[in-house]
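[1] pasting a predicted model and its sequence here:
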Amino acid sequence: MTAAERRDDAVAALRRIAFLLERAQATSYRSEAFRTAANVVEQQEPARVAALVAAGGLTELTGVGARTAGVVELVWRGRDVPYLVELETTLAQQTAADAAQTTAAARALRDALRGDLHAHTDASDGGTPVQEMLLAAIEIGHEYLAVTDHSPRLTVAHGLSPARLRAQVEQLTALGQAVAPFRVLTGIEVDILADGTLDQEPALLDRLDVVVASVHSQLRMDRAAMTRRMLTAIRDPRTDVLGHCTGRRVLGKQRPQSEFDAEAVFAACAEHGVAVEINCRPDRLDPPDDLLALAADAGCDFAIDTDAHAPGQLDWQAEGCRRAARHGIDADRVINAWPVERLLGRTRG
């Protein structure tokens, strides 16, 4: 094996560890340490990595610590990495446990998914550059990924101004050419403002492939006002997906769900062709089952999205598929199970 091949294998091992940590909801600083080390090692000439391994000097590289250096050294010498083996074993055990609780309908729905319509990068509040997210989506087997960073008013999440969003659209267009036939979809998670308007220039929203509209502020607004707010956003022809509709948090710092007339909101989604997001984040699982049943009965379409903020989180769709299957939602009602041209015919039509 050449030095270049050894270096690339070491980089792959570091990235795999980061992916598995993200998937398992580990604290971000743990996964970021392995991703940072992967990027640093990848930028080195193979001969230099070989020399540093031989001298025990990998930690001389900024961004490579003792633990990540140990991974590189083991891979370089053709040995197993115990930490990676442990993570892979844990994943296999969890996958087996999940499979025992997964119906044939849920498996079929998961197999039918072609992409994810809600994902963040370090351009807003995600943890990694867009290139890392795209590589992970490709490795998972997706055919497309919509990059949906936040809009300007969500300053805590470093939302994108119109100028920054335009620059990102140009970047995504160039990246799309580089990773074809995988499709990189331009998008945004746009804030639904208090009056129901969307937090971005309308002409710029018109340029995007996918617009996910979500409430992030004034979540305790009274029921009537929240209903009017959501209906205004749903009736905007630029809205494609209603994101995490209740805003609830069920893990960590918990947050109750917003109050609104769900029957009216879901009827409007069905009427205006706005998909209801089944948000797969373990801390959201939004909408709750009673509202998911209402949306299904209302004739809504759905988007089973991860709301990923790191590459490993793109692998969270299985739980959303299990929830959808329990409510009789099949692949034809899930827009990210559609071929990309059919999807774009809906979102850009």
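    Yep, it's here. Numbering: from 1, shown residues only.
[2] tell me the buried residues in stretch 41-60?
    V41, Q44, V49, A50, L52, V53, L58 (16 or more other C-beta atoms under 10 Å). Yep, even glycine has a C-beta here, placed from its N, CA and C like the rest.
[3] let's see which of the residues you listed end up in helices.
    Using DSSP state H, the members of those that fall in helices are V41, V49, A50, L52, V53.
[4] tell me the two of those that are most distant?
    V41 and A50 (11.6 Å; C-beta to C-beta).
[5] list of residues touching the helix or strand harbouring V212?
    Element membership for V212, per DSSP states H and E: strand 210-214. Contacts with strand 210-214, where a contact means C-beta atoms under 8 Å, 6 or more residues apart in numbering, come from 117-118, 146, 148, 185-192, 198, 205, 233-234, 236, 238-244, 247, 277, 303, 305, 347.
[6] what residue spans form the domains of this protein?
    Here the domain parsing of the chain from automatic domain parsing is 3-88, 103-347.
[7] reformat those as JSON lines; add mean pLDDT and distance to A96.
    Shown next, in JSON lines, are these (pLDDT from 0 to 100; distance: least, C-beta to C-beta, whole Å):
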{"stretch": "domain 3-88", "mean pLDDT": "96", "distance to A96": "13"}
{"stretch": "domain 103-347", "mean pLDDT": "97", "distance to A96": "13"}
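[8] so which of those comes closest to T95?
    The closest of the domains of the chain to T95 is domain 103-347. By C-beta to C-beta, the value is 8.8 Å.
[9] endpoints of that closest one, how far apart?
    30 Å (C-alpha to C-alpha, to the nearest Å).
[10] what's the stretch of helix or strand A97 belongs to packed up against?
    Using DSSP H and E, A97 falls within helix 82-100. Secondary-structure packing of helix 82-100 (3 or more C-beta pairs under 8 Å, 6 or more residues apart in numbering; DSSP states H and E): helix 3-23, helix 66-76.
[11] what angle sits between the last one and helix 82-100?
    Angular relation of helix 66-76 and helix 82-100 on a 0 to 180 degree scale: 90 degrees, by axes from the mean of the first three to the mean of the last three C-alpha atoms, to 10 degrees.
[12] quick one: the lengthiest strand in the chain to strand 210-214, angle?
    The longest strand of the chain (DSSP state E) is strand 183-191. Orientation check (the same axes, to 10 degrees): strand 183-191 against strand 210-214 gives 30 degrees.
[13] send over strand 183-191 as PDB, restricted to the C-alpha atoms.
    Taking Å, rounded to 0.1, in the frame of the first residue of the first chain, the C-alpha atoms of strand 183-191 are listed here in PDB:
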ATOM      1  CA  ARG A 183     -28.000  16.900  -7.200                       C
ATOM      2  CA  VAL A 184     -27.300  19.800  -4.800                       C
ATOM      3  CA  LEU A 185     -30.500  21.700  -4.300                       C
ATOM      4  CA  THR A 186     -30.500  25.300  -3.300                       C
ATOM      5  CA  GLY A 187     -32.700  26.200  -0.400                       C
ATOM      6  CA  ILE A 188     -33.400  28.000   2.900                       C
ATOM      7  CA  GLU A 189     -35.100  27.500   6.200                       C
ATOM      8  CA  VAL A 190     -36.800  30.800   6.200                       C
ATOM      9  CA  ASP A 191     -38.300  32.200   9.400                       C
END
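[14] next, the buried residues of whichever helix or strand comes after it.
    Proceeding N to C from strand 183-191, the next assigned helix or strand is helix 202-205, under DSSP H and E. Within helix 202-205, the residues scored as buried using 16+ other C-beta under 10 Å are L204, L205.
[15] and if you look at stretch 160-169?
    Buried positions in stretch 160-169, judged by neighbour count with 16+ other C-beta under 10 Å: L160, L165, Q168, V169.
[16] list the residues that contact the closest residue to the last one other than its chain neighbours.
    Distances taken as C-beta to C-beta, 6 or more residues apart in numbering put T186 closest to V169, at 5.0 Å, once the chain neighbours are dropped. Taking C-beta under 8 Å, 6+ apart as the definition of contact, the neighbours of T186 are A146, V147, Q168, V169, L172, T173, R207, L208, D209, V210.
[17] same question, A295
    Contact analysis of A295 by C-beta under 8 Å, 6+ apart lists A262, F266, C269, V276, P287, F302.
[18] just checking, A119 touches V147?
    Yes: between A119 and V147 there is a contact at 6.1 Å, judged by C-beta atoms under 8 Å.
[19] quick one, phi psi at A119?
    Phi and psi for A119, reported as degrees, to the nearest 10, are phi -150, psi 140.
[20] so T232 is in contact with D195, correct?
    Yes: between T232 and D195 there is a contact at 6.9 Å, judged by C-beta under 8 Å.
[21] need the helices for the stretch 151-300 of the chain, in chain order.
    162-179, 202-205, 223-235, 262-272, 289-297 (DSSP state H, counting those that start in this stretch).
[22] contacts for the longest one, please.
    Counting by C-beta under 8 Å, 6+ apart, the neighbours of helix 162-179 from elsewhere in the structure are 123, 130-131, 134, 138, 147, 149, 152, 160, 182-186, 188, 200-201, 204, 207-208.
[23] next one: the second one
    Where contact means C-beta under 8 Å, 6+ apart, the residues beyond helix 202-205 that reach it are P162, L165, R166, I188, V190, L198, V211, R238.
[24] partner residues bridging the fifth one?
    This points to V190. With DSSP bridges as the criterion, V190 is bridged to A213.
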